[in-house]
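What follows is a predicted structure for the sequence shown.
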Amino acid sequence: MKDLDRIDCALIALLQQEARLSNKELAARVGLAPSSCLARIQRLKTEGILREAHVEVDPAAMGIGLQALIAVQLRQHSRAQVKAFWKHVLALPEVLALYHVAGAADFQVHVAVRDAHHLRDLALDAFTTRPEVAHIQTSLIFEWVRKHGLPNYRT
């Protein structure tokens with residue numbers, strides 16, 4: 001992977017703010033010719049630095065009335081159990097994010113559900129019935145804000 005220069009970092013910052021900027025607009029903002037800008041963007045994608053672009057959707061528009069974090073403690077923290085749990089959880093449509101963490105819990109699972117009944121059923125049917133799960137603790141999310149963009153520690 002090539003070292004990122006000032007222009008690469010500026011392009012990354014701009015795309016993290018607004019992934020739908022046109023190549024022409026990106027080029028103008030960083031002071032490059034559009035062809036040079038396009039070549040840089042393609043290189044950043046090829047090198048795996050730029051991955052995917054996503055659209056932010058209003059949860060309520062999708063029928064989501066409740067979000068929660070489910071802290072999961074495994075019975076045994078073996079590679080096989082971690083892999084089995086990981087695969088199972090990522091297949092659940094309610095799961096927005098999965099974090100493998102250190103501490104009292106082994107995983108934090110961010111879920112989006114219709115309501116409290118849906119959350120109860122998800123916890124009982126998809127988590128507590130798993131043989132690798134020893135304990136879960138659910139925390140309701142009242143409000144959340146996602147920051148877009150990673151900090152740049154390379155400059």
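Good, I have the coordinates. Residues are numbered from 1 along each chain as shown.

Show the pLDDT at the residue lying farthest from the centre of the chain.
Ranked by distance from the centre of the chain (C-alpha atoms, centre = their mean), the top residue is residue 33, with 32.6 Å. With respect to pLDDT, residue 33 scores 96.

contacting residues for it?
Contacts for residue 33 (C-beta atoms under 8 Å, 6 or more residues apart in numbering) come out as residue 27. (C-beta placed from N, C-alpha, C; glycine too.)

Report the separation between it and residue 12.
Residue 33 sits 19 Å away from residue 12, going by C-beta to C-beta, to the nearest Å.

So residue 99 lies in a helix, does it not?
No - read with DSSP: H, G, I helix; E, B strand; the rest coil, residue 99 is strand and lies in no helix.

That one: neighbouring residues, count only.
12 (other C-beta atoms under 10 Å).

again, but for residue 5
When counting by other C-beta under 10 Å, one arrives at 12 neighbours for residue 5.

what does residue 59 give?
By other C-beta under 10 Å, 14 other residues sit near residue 59.

Just give the closest residue to residue 75, not the sequence neighbours.
Among residues not flanking residue 75 along the chain, residue 134 sits closest, at 4.3 Å (C-beta to C-beta, 6 or more residues apart in numbering).

Where does that neighbour fall, secondary structure wise?
strand 133-141 (DSSP states H and E).

same thing with residue 39?
Using DSSP H and E, residue 39 sits within helix 34-46.

Please report the distance of the most centrally placed residue in the chain from residue 90.
Central residue of the chain (C-alpha atoms, centre = their mean): residue 97, 5.5 Å from the mean position. For residue 97, the distance to residue 90 equals 10 Å [C-beta to C-beta].

if we can go back for a sec, against residue 141, how distant is the residue nearest to the centre of the chain?
12 Å.

Quick check: neighbours shared by those two?
Taking C-beta under 8 Å, 6+ apart as the criterion, residue 97 and residue 141 both touch residue 110.

And the chain, what are its domain boundaries?
Taking automatic domain parsing as the reference, the chain has its domains at 6-46, 59-141.

Nearest to residue 148, out of those?
Checking these against residue 148 by C-beta to C-beta gives domain 6-46 as the closest, at 5.5 Å.

Run the chain-centre distance for the closest one.
Centroid separation between domain 6-46 and its chain, computed with C-alpha atoms, centre = their mean, to the nearest Å, is 22 Å.

from what I can see residue 106 touches residue 82, true?
Yes - look at residue 106 against residue 82 with C-beta atoms under 8 Å: they come within range, at 7.4 Å.
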